[in-house]
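Colleague: the amino acid sequence is not available; the structure is as follows:
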């Protein structure tokens, strides 16, 4: 891959040239998901999580 000024087909030799896909193309993909909870469902989930935390004997 000739990215030098000597390559007449290179329109901008200041730009980095490499082979393969650009990393940004892979890192730019994101998947976002969520659940809609009513207030009662949220409170129940928080209570369940707090109770589970109290039941554990993990000393970390």
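Modeller: Structure received. Just so we're clear, the structure is a prediction, and the values are computed from it rather than from any experiment.

Colleague: quick one: low-confidence residue ranges for the chain.
Modeller: Within the chain, the ranges that satisfy pLDDT under 70 run 1, 19-29, 58-60.

Colleague: ranges for the helices of it?
Modeller: 23-27, 39-55 (DSSP state H).

Colleague: tell me which of those helices lies nearest to residue 12.
Modeller: Closest approach to residue 12 among the helices of the chain (Cβ to Cβ): helix 23-27, 17.9 Å. Any C-beta I mention is one placed from the backbone N, CA and C, and that applies to glycine too.

Colleague: that older thread, and the helices of the chain: which comes nearest residue 33?
Modeller: Using Cβ to Cβ, the nearest of these to residue 33 is helix 39-55, at 16.2 Å.

Colleague: what are the buried residues along the closest one?
Modeller: For helix 39-55, the buried set under the neighbour-count rule, 16 or more other Cβ atoms under 10 Å, is empty.

Colleague: chain center to it: distance?
Modeller: On the basis of Cα atoms, centre = their mean, to the nearest Å, the separation between the geometric centre of helix 39-55 and that of its chain is 28 Å.

Colleague: same deal with stretch 32-52?
Modeller: For stretch 32-52, the distance to the chain centre is 24 Å (Cα atoms, centre = their mean).

Colleague: I'd like the helices of the chain written out as a markdown table, with distance to residue 10 added.
Modeller: Listed next are the helices of the chain as a markdown table, based on distance: least, Cβ to Cβ, whole Å:
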| stretch | distance to residue 10 |
| --- | --- |
| helix 23-27 | 21 |
| helix 39-55 | 57 |
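
Colleague: for those, which one sits closest to residue 5?
Modeller: Residue 5 sits nearest to helix 23-27 of all the helices of the chain, at 25.6 Å, using Cβ to Cβ.

Colleague: for residue 4, find the nearest of the helices of the chain.
Modeller: Per Cβ to Cβ, nearest to residue 4 of the helices of the chain: helix 23-27, 23.0 Å.
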